[in-house]
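Asker: okay, predicted coordinates and the sequence, questions at the end:
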Amino acid sequence: MPRRGVQGPGSRTEGTSHSFKLAATLNKVVDDREEVVTTRAGHEPLVMVALETTSH
């Protein structure tokens, strides 16, 4: 069973590709101040938003 932070099944290339896509998405959220809704099977959707756009 994979531990948190450790890549599970799949190739290293696939994992790296997902990491680059996540990084690009996070950059878009921060750079463009654009909210991104993420859906996951069996979980409620979540929203990624730049902290500076909130009243923290």
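Answerer: Received, thanks.
Asker: any stretches of this protein with poor pLDDT?
Answerer: Scanning the chain for pLDDT under 70 picks out the ranges 1-15, 56.
Asker: please, where are all the helices along it?
Answerer: Shown for the chain, the helices assigned by DSSP state H span residues 12-32.
Asker: tell me how many other residues surround residue 20.
Answerer: When counting by other Cβ atoms under 10 Å, one arrives at 10 neighbours for residue 20. In short, each C-beta sits where N, CA and C put it, glycine included.
Asker: so how far is residue 31 from it?
Answerer: From residue 20 across to residue 31, the span is 16 Å (Cβ to Cβ, to the nearest Å).
Asker: my guess is residue 46 meets residue 36, correct?
Answerer: No. Contact criterion Cβ atoms under 8 Å: residue 46 and residue 36 do not qualify, at 9.3 Å.
Asker: no more questions from me, cheers.
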